[in-house]
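Enquirer: whatever this is, show me its structure:
(chains A and B)
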Number of protein chains: 2
Amino acid sequence: MDAAEFRRRGKEMVDYVADYLENIEQRPVYPDLEPGYLRSLIPTEAPLEPESYEEIMHDVERVIMPGVTHWHSPNFFAYFPAASSYPAMVADMLCGAIGCIGFSWAASPACTELETVMLDWLGKMLHLPESFIAGTQGHGGGVIQGTASEATLMALLAARCKTVRRVLATDSKKSESEILSKLVAYTSDQAHSSVERAALIGAVMMRKVPTDEHYAVREEMLRKMLEEDKAAGLIPFYFCATLGTTPSCAFDHIMELGPLCNKENMWMHIDAAYAGSAFICPEFRPLLDGIEYADSFNFNPHKFLLVNFDCSAMWVKKRADIIGAFKMEPLYLKHENQESAGLVTDYRHWQIPLGRRFRSLKLWFVFRMYGLKGLQAHIRKQVALAKEFESLVRADKRFEICAEVVLGLVCFRLKGSNELNQNLLKKITKSRELHLVPCQLSGRFVLRFAICARSTESRHIQQAWRHITQLAFELLQEQPH
Amino acid sequence: MDAAEFRRRGKEMVDYVADYLENIEQRPVYPDLEPGYLRSLIPTEAPLEPESYEEIMHDVERVIMPGVTHWHSPNFFAYFPAASSYPAMVADMLCGAIGCIGFSWAASPACTELETVMLDWLGKMLHLPESFIAGTQGHGGGVIQGTASEATLMALLAARCKTVRRVLATDSKKSESEILSKLVAYTSDQAHSSVERAALIGAVMMRKVPTDEHYAVREEMLRKMLEEDKAAGLIPFYFCATLGTTPSCAFDHIMELGPLCNKENMWMHIDAAYAGSAFICPEFRPLLDGIEYADSFNFNPHKFLLVNFDCSAMWVKKRADIIGAFKMEPLYLKHENQESAGLVTDYRHWQIPLGRRFRSLKLWFVFRMYGLKGLQAHIRKQVALAKEFESLVRADKRFEICAEVVLGLVCFRLKGSNELNQNLLKKITKSRELHLVPCQLSGRFVLRFAICARSTESRHIQQAWRHITQLAFELLQEQPH
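Expert: Numbers count the residues shown, from 1 in each chain, chains lettered A, B, ... in the order given. Here you go, the predicted structure:
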């Protein structure tokens, strides 16, 4: 494919993409096939000679589309949203064409500098404390990570390194491995599995803090655990708070927890992967109060802020903490304007991978084409749709709401056994008209209804509820009395 | 931007991309600006109201392009190539539109299944041993990682977990942290900085194995270190071999090293980030001999195989080793067809992040639109250009070649001091007609000339050499005699 053919095929693909998204509702949201379906549909080896573009696009409909779970269908209510917008997609095309690998400032200055400024823009939209903003003189600043999992891990590794150094400085008789074996990280028993995984990767203990009746961590519970652990000779070093947990969108009380972490010399990381985007609306910003106590903060514009995956925004108060943990300077990566000069950011020190795409272009296009008001309108619309679904559930006495609906997630269930609700979900999944996933709250099997697609409207909510209640009706009819 | 505007703007962007790549030679390959240039060119905050697409595209030329290091310019010879091809870009548009987050089979079966089959296709192109191919019954298989750094880290973490379990099983009195503190990983003193970083992240010791006069690790050196370390009570557990080192594209002797690692119960990971693509050509495949001893193998199609970043291909012999290290199963990620069923792959267990894009589409489009023959032709052309440059250098007695030219990288220098060569590189960088980076070989400052862009032709090599010799001439004139 030369440039001339790309001009033709690229434009056809633009139409294919627009057609796909405009007509996505006509496709079953969840595929109906068995594991291993694809292998038999295509050859066992790559072709020796080139094939035509027509053949490939024919196979997209024949091989790929039947196996796609359509995350952007207005009938997709599973997990959390994956953002999608046209400005982000256009920006991604540009990103692919520039194709720089921005591991250092010199590897493409625009790639690094736009990212720093876009994270400042976004930080200001969220009214982050000044200490997180890079500006021209700041000690903090932002970076785009691939996923929240990576942000959690980077924060934990930075905290680990900082704590080991601090303990070594005060007690030089201890060995590094002795200190490592005493470090303890903490997170909510509602936290995402990736937080526990970060501790496994970092080879440190992690303890789960029990939550209150709203599934939130309170200061008292964490304090009690810290006291026990310190008494046992352990070294608490890291607390990952969650704002908007995956099961129920619960919010840890960071206003209480922050001062405790600061007093105990523990790194407080805040994971607001899903909920963070909502903080651009003044009415939701109070949920972030207490951020001033945090050492690092992260959320995913690729969930709720119309920036296609991947784009996870992370800020640190002291960039030296992140950079210091893993700085490596081989000659082939050195350049005249190094980070040590103070002015320059080499983002490779801020992340797990070395290479990185020019992802800030997506932020720039989305921020400018929507404007802050447009982004706020998107958040508010999604939240309103969740509230609409909540009131439908509340009006039906067979059902119950299982957690406060704060943003775009509704946790609900049929009053009755877990088995009953498992059967309801099976019916829903089998129907392939909606897609939901479950969660567990206080030992109960709960259905999660998350507003996901940008194209979801009130009529989809109404239709989804009609569908769910119809299946529930059938299910309850089948039950022995 | 609605679908209708996307149809228009997306097509304009296709033309912008084609224009950019067709005329890239007219742009200076390396930007001429100071750190911090961008901040003053754009507002300090995001706009409240939407802006027009025209304003944004105007700013792409005003703000972004002057700060881009043009990796796809035929005058870019720095680092290693970043792949770029039109089929990959078209596939990426489709990937963005489908926008699924393929962490599990259920999250989009096509995303997972195409990846497994594409890694089989690619493994077969490389004639990997059967044990690395997933097929329908295999215990091994492939995965797309973001970068080679992540593959190295995943392999190290899997090895760490496997070794700790093995030692615990034979000696239950040892504590996990005691075992951890005795683990030693090994890699070449020429290995990429990310290998050392993987050990830092994993909190294990890493020792650098000295290399021979060709910058390659030999069995003897590693064996000597293992014996010393075992005598000191340490536990060797991981060796990362490099095929095609970053400084000079040297090849560790895996035919010798493999049996040693197997005998010592050490995980052997092979990092062939750059060189791996060349193994699709029969004449370069012998460089991979010894792969049968490896536990895991990785290379980057996003470097040398025309698949745009990011796409790093990794294979393991026993998928259970990778998966077992970090398996987490919260209810919201469970589905009816779990990996434990044997048939299904949940790629989230294979990688650091949770989320993942539908990157196998890029492989599928590129393999089919080039065919194996087209991909081989690309590799051969790049290598021939390097050989052409090598012979120009060899014909000039003022210069010397510093390492064998095997693939697309030429390491050369002016005979004389390091300072002289540093000054030559400064002149080259300042001219902005070419872009190179240096490396250090045996204490000498060396210039690396890597064939990078797909559009580089013989005339660019000839012109680059004329330019370098002209600057060298000026430099030597300025020298005191």
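
Enquirer: show me how far stretch A:85-104 is from its chain's centre.
Expert: Here stretch A:85-104 is found 20 Å from its chain centre; the criterion is Cα atoms, centre = their mean, to the nearest Å.

Enquirer: any chance you could map the helices in the stretch 351-481 of chain A?
Expert: Assignment of helices within the stretch 351-481 of chain A using DSSP state H, counting those that start in this stretch yields the ranges A:360-394, A:418-431, A:458-478.

Enquirer: kindly compare burial across those helices and name the winner.
Expert: Across these, the average number of neighbours (mean count of other Cβ atoms under 10 Å in any protein chain shown) peaks for helix A:360-394, which reaches a mean of 21. From N, CA and C alone the C-beta is placed, and that goes for glycine too.

Enquirer: what angle separates that helix from helix A:458-478?
Expert: Orientation note: helix A:360-394 sits at an angle of 50 degrees relative to helix A:458-478 (axes from the mean of the first three to the mean of the last three Cα atoms, to 10 degrees).

Enquirer: and helix A:360-394, is it in reach of chain B?
Expert: Yes: using Cβ under 8 Å from any Cβ of the partner chain, helix A:360-394 reaches chain B at A:361, A:364-365, A:367-374.

Enquirer: which of the residues you listed sit farthest apart?
Expert: Across the residues of helix A:360-394 next to chain B, the two members that end up farthest from each other (Cβ to Cβ) are A:Leu361 and A:Lys373, 21.6 Å apart.

Enquirer: flag every residue of the stretch 151-300 of chain A that's near chain B.
Expert: Of all the residues in the stretch 151-300 of chain A, those lying near chain B are A:153, A:157, A:160, A:175, A:177, A:180-181, A:192-194, A:196-197, A:200-203, A:246-247, going by Cβ under 8 Å from any Cβ.

Enquirer: among those, which are in helices?
Expert: Secondary-structure check on those using DSSP state H: residues within helices are A:153, A:157, A:160, A:177, A:180-181, A:193-194, A:196-197, A:200-201.

Enquirer: which one of the residues of helix A:360-394 next to chain B sits closest to B:Met65?
Expert: For B:Met65, the nearest member of the residues of helix A:360-394 next to chain B is A:Leu361. The distance, counting by Cβ to Cβ, is 11.9 Å.

Enquirer: would you show me how to pick out the buried ones of the residues of the stretch 151-300 of chain A next to chain B in PyMOL?
Expert: Isolation of the buried members of those (16 or more other Cβ atoms under 10 Å in any protein chain shown) is achieved in PyMOL through the command below:
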select buried, chain A and resi 153+157+160+177+180+181+192+193+194+196+197+201+202+203+246+247
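
Enquirer: quick one: closest of the helices of the stretch 351-481 of chain A to B:Gly102.
Expert: Taking Cβ to Cβ as the measure, the helices of the stretch 351-481 of chain A were each checked against B:Gly102, and helix A:418-431 came out nearest at 18.0 Å.

Enquirer: so how far is that closest one off the chain centroid?
Expert: A distance of 27 Å separates the centroid of the chain from that of helix A:418-431, by Cα atoms, centre = their mean.

Enquirer: check which helices and strands that helix is in contact with.
Expert: Other helices and strands packing on helix A:418-431, by 3 or more Cβ pairs under 8 Å, 6 or more residues apart in numbering or on different chains; DSSP states H and E, are strand A:409-414, strand A:437-441, strand A:444-450, helix A:458-478.

Enquirer: given the first one, what are its sheet partners and their directions?
Expert: According to DSSP bridges, strand A:409-414 has the following sheet partners: strand A:399-401 (antiparallel), strand A:444-450 (antiparallel).

Enquirer: give me whichever of the ones you listed is most buried.
Expert: For these, average neighbour numbers computed from mean count of other Cβ under 10 Å are highest in strand A:444-450, which has a mean of 22.

Enquirer: what's the mean pLDDT across it?
Expert: The predicted model gives strand A:444-450 an average pLDDT of 98.

Enquirer: tilt between that strand and strand A:437-441?
Expert: Using the same axes, to 10 degrees: strand A:444-450 against strand A:437-441 is 130 degrees.

Enquirer: so after the helix or strand A:Glu113 falls within, what's the next helix or strand?
Expert: Counting by DSSP states H and E, the secondary-structure element that holds A:Glu113 is helix A:109-125. Moving toward the C-terminus from helix A:109-125, the first helix or strand encountered (DSSP H and E) is strand A:141-145.
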